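Student: Using only what follows, build the 3D model:
(one chain, ligands or ions: 2)
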Amino acid sequence: MSQNNNIMAYENKKMCKGGIYFSRIDFVRKKHGIEGMSRILEKMKSSGYNGPMDEKSIKIAKWYPMDYNISFLKTYRDLYGERNLMRMAREAPKRKGFVGLFLKWAGNPETLIKKSGEYWSSLYNFGRLEGTVTGEGAAVIKGYDVSPDPIFCDFLTEYFIGIIEQTGVSSITSEHTLCSHKGADHEEWVLKWGKSNKADKKETKEISWNKSLESGIDEIDRQHMEFVRILNEVNKNVGKASVASLRKTLNFMDHYAHWHFGTEEKYMKKYNYPYTQSHMLQHRKFYDYTQEMIEKSKYGIDEELALSVKTYLIDWLILHIQNTDMKFARFLKENNLVMEEEEMPEDIEDALRDMNLLIKEF
Ligand SMILES: [Fe+2]
Ligand SMILES: [Fe+2]
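Tutor: Numbering: from 1, shown residues only. Ligands and ions are numbered 1, 2, ... in the order given. Next up, the predicted model:
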């Protein structure tokens, strides 16, 4: 009974992912040195906070109370002023590593705006964000129950600029037009931006395997590394609309999905993982999407199709691998459950060979 109450209390609490702290810690370190971070921690501790606040103990995919988030922002503002707080918000998306790279990758502000709601839900367990492109270089973002404190409205206003900035467009403005702390029933931001100043718009960087993608379960990580390789392969196809190679990539996605999801699902069932059904449902959607694209590609492949596949795979990386799979990996680790190495099936080797991606070491 009391355990149930605890779970309820936890679920009703506003929480955010640990990942959001990393860019801030980086920023504070760069700007105010290690002492800067200890000053913030000291001050937060004196007002009752006693959780982790350094890169080593904060886990990217774990949930932390939103109160800490707000308290961190307020403490920082008290110590270093409003202007620095705004700088921190603007710089947050610039952090090297996965998130920053992803933003450059998404390529255009429109994609980011449309996906903003999904990204919000992957970072916060409360509220809802809704992004709509309203014209060329213009968008509205609506937020319902997203800002527990006015300081967070200010932070988001600047943060949105930082995000759009990463796609390489200039003259960005962000205006907080409706505020729930000033009587409105939801939050609203109006965003505007100018033309892209990137001449080589199509040249995007490769995603390299990094810590934010690691689940800590060797076999899952090994298979996910393969996924990152497909993603990079698709990226090469965007802009060139290389029909033959995108077809090969789709073929690989199909085989890969059966192998990799099969592996994960086998262990979910074996260990009675409580979220097996919802996890499998997401896998099902990936199968369906791949089949749909394979069908479509029979009638020709164009830039739009290549872009759609690319966007889908990036989303998958963020929403599934960094969230759903991490949750499963945590379950395995917490219960000391092991996963054996799964041999790569021959059809995958063939598909890789087809793409000239077979590396001898496998
Ligand atoms: Fe999965
Ligand atoms: Fe996975």
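Student: which SS state does Ile161 fall under?
Tutor: helix (DSSP: H, G, I helix; E, B strand; the rest coil).
Student: how much space between it and Glu175?
Tutor: Computed as C-beta to C-beta, to the nearest Å, the Ile161 to Glu175 distance reads 10 Å. C-beta: built from backbone N, CA, C; applies to glycine.
Student: Need the overlap of contacts for the two.
Tutor: The contact sets of Ile161 and Glu175 overlap at Leu191 (C-beta atoms under 8 Å, 6 or more residues apart in numbering).
Student: between the two, which one's more packed in?
Tutor: Using other C-beta atoms under 10 Å as the criterion, Ile161 and Glu175 rank with Ile161 on top: 19 against 11.
Student: Looking at the more buried one now. What's its pLDDT?
Tutor: As predicted, Ile161 sits at a pLDDT of 91.
Student: same check, this time on Leu231
Tutor: pLDDT, Leu231: 79.
Student: what's the span of stretch 337-346, first residue to last?
Tutor: Counting by C-alpha to C-alpha, to the nearest Å, you get 27 Å between the two ends of stretch 337-346.
Student: and that stretch, anywhere near ligand 1?
Tutor: No - legend: contact between stretch 337-346 and ligand 1 by C-beta under 5 Å from the ion is lacking; minimum distance shown is 12.6 Å.
Student: Buried residues in that stretch, which are they?
Tutor: 339, 344 (16 or more other C-beta atoms under 10 Å).
Student: And for it, what's in contact with it?
Tutor: Counting by C-beta under 8 Å, 6+ apart, 217-220, 222-223, 255, 259, 263, 267, 271, 331-332, 362 sit against stretch 337-346.
Student: one more time with 10 Å, if that's ok
Tutor: Residues outside stretch 337-346 that contact it (C-beta atoms under 10 Å, 6 or more residues apart in numbering): 217-220, 222-223, 226, 255-256, 258-260, 262-264, 266-267, 270-271, 273, 329, 331-332, 351-352, 358, 362.
Student: looking only at pLDDT, what's the mean for it?
Tutor: 85.
Student: ditto for stretch 189-197
Tutor: 86.
Student: before we move on, the earlier item: any quick PyMOL command for the buried ones out of the contacts of stretch 337-346?
Tutor: In PyMOL syntax, the buried subset of the contacts of stretch 337-346 is picked out as below (16+ other C-beta under 10 Å):
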select buried, resi 217+219+220+223+226+255+256+259+260+263+264+267+271+273+329+331+332+351+352
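Student: so of the contacts of stretch 337-346, which ones are in strands?
Tutor: If you go by DSSP state E, these have nothing in strands.
Student: out of the contacts of stretch 337-346, who's near ligand 1?
Tutor: Glu264.
Student: So which of the contacts of stretch 337-346 belong to helices?
Tutor: 218-220, 222-223, 226, 255-256, 258-260, 262-264, 266-267, 270, 329, 331-332, 351-352 (DSSP state H).
Student: Against Arg353, how distant is the residue nearest to Met225 when sequence neighbours are not counted?
Tutor: Nearest residue to Met225, sequence neighbours excluded (C-beta to C-beta, 6 or more residues apart in numbering): Trp209, at 5.5 Å. Trp209 sits 22 Å away from Arg353, going by C-beta to C-beta.
Student: and these two? which has more neighbours close in?
Tutor: Taking other C-beta under 10 Å, Trp209 and Arg353 do not tie; Trp209 has more neighbours (13 against 10).
Student: Confirm that one sits in a helix?
Tutor: No - using three-state DSSP, the assignment for Trp209 is coil, not a helix.
Student: my guess is it contacts Leu317, does it?
Tutor: No - with contact defined as C-beta atoms under 10 Å, Trp209 does not reach Leu317; the gap is 11.2 Å.
Student: Tell me the residues of the stretch 251-362 of the chain that contact ligand 1?
Tutor: 264, 325.
Student: In the stretch 251-362 of the chain, where is pLDDT below threshold?
Tutor: 301, 356-362 (pLDDT under 70).
Student: Can you report how many residues neighbour the residue in the stretch 1-150 of the chain that ligand 1 sits nearest to?
Tutor: The nearest approach of the stretch 1-150 of the chain to ligand 1 comes at Ala61, 13.3 Å away (C-beta to the ion). Using other C-beta under 10 Å, Ala61 has 19 other residues around it.
Student: If we ignore the residues flanking it in sequence, what's nearest it?
Tutor: Met326 is the one closest to Ala61 (C-beta to C-beta, 6+ apart), at 4.0 Å.
Student: For that neighbour, the count of nearby residues, please.
Tutor: Neighbours of Met326 (other C-beta under 10 Å): 23.
Student: Sticking with it, tell me its helix or strand.
Tutor: Assigning secondary structure by DSSP states H and E places Met326 in helix 326-334.
Student: What lies in contact with that helix?
Tutor: Residues contacting helix 326-334 (C-beta under 10 Å, 6+ apart): 17, 59-62, 212-217, 219-221, 264-265, 267-268, 271, 273-276, 278-279, 320-321, 337-339.
Student: For the stretch 1-150 of the chain, which segments are assigned as helices?
Tutor: Assigned by DSSP state H, counting those that start in this stretch, the helices in the stretch 1-150 of the chain fall at 2-12, 19-46, 66-91, 98-106, 109-123, 150-165.
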